[in-house]
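Novice: here is my input; please provide its structure:
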Amino acid sequence: MSVRSGLAMGGVAAAVAVAMTGCGSSGASAPGGAADAPASSATAPAATPSWAATPSWAAGLGSGVTVIAPKSAPAGNGSPQAVVTGVIASEASGDFAATCNYFPPSFQSQCKAGMAAEASASPSAMASMASSIGTVTNFAVGYVAVHGDQALVGTTGKFCASGSCYSNTDPAALLSGGKSFSALWAEAVSTESSSSSYALAPVSEIGGKWYIYAPSS
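Specialist: The predicted model follows:
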């Protein structure tokens, strides 16, 4: 598996992309309830929850999809927003190994081993990884679309890596474009997506906690 650049996902998971190229992962998600932010089931709820948002474009995502308005969240695995916040915070602090905590449990040991190998290689290797990971400024979580145990997280901010930068100021970018959730999910997890343009961060729920999606090899 090659986890694509985090900058293609709004700054998410670039450290693991660098360290884990060529490693495998089971990555499959299992149904369950979110700890902090409720996720919808495959069937649309009878009533709109108080934490849900209903922008005019939400219907275009398809049935059974719940949209959550932009809101901050502390780093952790309790919600899709918390996972993305955690990855960004880990990368910003330079604690790249901590990024592994936001990937599926079955992937974490490989991730940490890859990070350790990068760290022990040479100062130039670490500098190269830091350059590839880049920097994020004015970061904020955007809209989130949840369908069962899958979620797509939008982000805003300025993302720079390897001398290239791009910005996104629209918290509904891509989600409001009229494509279905399934189509957007397929695009988000594709390893062929460009690392120099904005994309949504795919997140999956496993055992009641949320993690950055890691596709199988």
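
Novice: what about the nearest residue to Ala73 once chain neighbours are set aside, helix or strand, and which?
Specialist: In space, and not counting its chain neighbours, Ala73 is closest to Gln81: 3.8 Å by CB to CB, 6 or more residues apart in numbering. For every residue, glycine as well, the C-beta is placed using N, CA and C. Following DSSP states H and E, one finds Gln81 within helix 80-93.

Novice: who are the packing partners of the following helix or strand past that helix?
Specialist: Along the chain past helix 80-93, the next helix or strand (assigned with DSSP H and E) turns out to be helix 105-121. In terms of contact count using 3 or more CB pairs under 8 Å, 6 or more residues apart in numbering; DSSP states H and E, helix 105-121 is assigned the packing partners helix 14-19, helix 123-133.

Novice: can you rerun that using 10 Å?
Specialist: helix 14-19, helix 123-133, strand 209-212 (3 or more CB pairs under 10 Å, 6 or more residues apart in numbering; DSSP states H and E).

Novice: and the residue nearest to Ala73, how far from Asn101?
Specialist: As for Gln81, its distance to Asn101 is 16 Å (criterion: CB to CB, to the nearest Å).

Novice: in terms of neighbours, single out the busier of the two.
Specialist: When Gln81 and Asn101 are compared on other CB atoms under 10 Å, the one with more neighbours turns out to be Gln81, at 28 against 19.

Novice: residues in contact with the more buried one?
Specialist: Contacts of Gln81 were listed using CB atoms under 10 Å, 6 or more residues apart in numbering, and they are 36-37, 68, 70-75, 141-142, 144, 151, 153-155, 201, 203, 210.

Novice: rerun that using 8 Å as the cut-off
Specialist: Counting by CB atoms under 8 Å, 6 or more residues apart in numbering, Gln81 makes contact with Ala37, Ile68, Lys71, Ser72, Ala73, Val141, Val144, Val153.

Novice: export those residues to a markdown table and tack on neighbour count and pLDDT?
Specialist: Conversion of the contacts of Gln81 to a markdown table gives the following (neighbours: other CB atoms under 10 Å; pLDDT from 0 to 100):
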| residue | neighbour count | pLDDT |
| --- | --- | --- |
| Ala37 | 20 | 36 |
| Ile68 | 24 | 95 |
| Lys71 | 15 | 92 |
| Ser72 | 10 | 90 |
| Ala73 | 18 | 92 |
| Val141 | 26 | 95 |
| Val144 | 28 | 97 |
| Val153 | 29 | 96 |
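
Novice: right, I'll call it a day here.
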